[in-house]
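Visitor: Fold the following.
(one chain, ligands or ions: 1)
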Amino acid sequence: MPKPEIHVFVCSQQRPAGHPRGSCGEKGAMNVLQVFSEKLIQKNLMNKVSLVATGCLGPCRAGTNVLVYPGGTWYMAIEPSDIDGIIDQHLIGGGVYEDKLMPEQVWQ
Ligand code: FES
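Guide: Sure, this is the predicted structure:
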């Protein structure tokens with residue numbers, strides 16, 4: 001397996017319904033993960049990008065959250081319809097996917 005150039009962390013934390021923090025899992029994280037995986041295969045990026053299902057990344061209310069390294073770029077409220085944008089504009093294009101960039105206020 002070649003060393004990945006990019007790591008994409010998708011928060012897949014699931015908490016029980018009614019939990020005060022909520023979770024990315026209840027906002028469709030597993031579907032985001034599945035579609036992300038399918039798109040990376042379609043676009044022949046599996047040797048370049050490592051897709052990682054991770055536990056809670058912190059800002060649960062903003063989920064589904066996605067974190068991309070190198071660079072530590074945070075995306076929030078990700079839905080399957082955003083994944084082409086992240087792949088094409090960030091992972092391939094080297095820029096950022098402006099539509100769902102996480103603002104600093106999420107951390108305050
Ligand atoms: S549950 Fe996803 S950031 Fe906390």
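Visitor: all contacts plus neighbour counts: C-alpha atoms, from now on.
Guide: Noted.
Visitor: what separates the residue most central in space within the chain from Val49, distance-wise?
Guide: For the chain, Val66 is the residue whose C-alpha lies nearest the centre (C-alpha atoms, centre = their mean; 2.4 Å). Look at Val66 and Val49: by C-alpha to C-alpha, to the nearest Å, they are 14 Å apart.
Visitor: Enumerate the residues of the chain near the ligand.
Guide: Residues of the chain lying near the ligand by C-alpha under 6 Å from any ligand atom: 11, 13, 23-24, 56-60, 63, 65.
Visitor: rewinding a little: leaving out sequence neighbours, find the closest residue to the residue nearest to the centre of the chain.
Guide: Computed as C-alpha to C-alpha, 6 or more residues apart in numbering, the closest residue to Val66 that is not its neighbour in sequence is Val10, at 4.6 Å.
Visitor: Residues in a beta bridge with that neighbour, which ones?
Guide: In this entry, Val10 is beta-bridged to Ala53, Val66, by DSSP bridges.
Visitor: what's around it, how many residues?
Guide: 27 (other C-alpha atoms under 10 Å).
Visitor: Do I have it right that it meets Thr54?
Guide: Yes - using C-alpha atoms under 8 Å, Val10 is in contact with Thr54, at 5.8 Å.
Visitor: residues bridging contact with those two, i.e. touching both?
Guide: By C-alpha atoms under 8 Å, 6 or more residues apart in numbering, Val10 and Thr54 have no common neighbours.
Visitor: What distance do you get for Gly28 to Thr54?
Guide: 14 Å.
Visitor: actually Ile78, sorry about that
Guide: Taking C-alpha to C-alpha as the measure, Ile78 falls 15 Å from Thr54.
Visitor: Counting neighbours around each, name which of these two comes out higher.
Guide: Taking other C-alpha under 10 Å, Ile78 and Thr54 do not tie; Ile78 has more neighbours (23 against 14).
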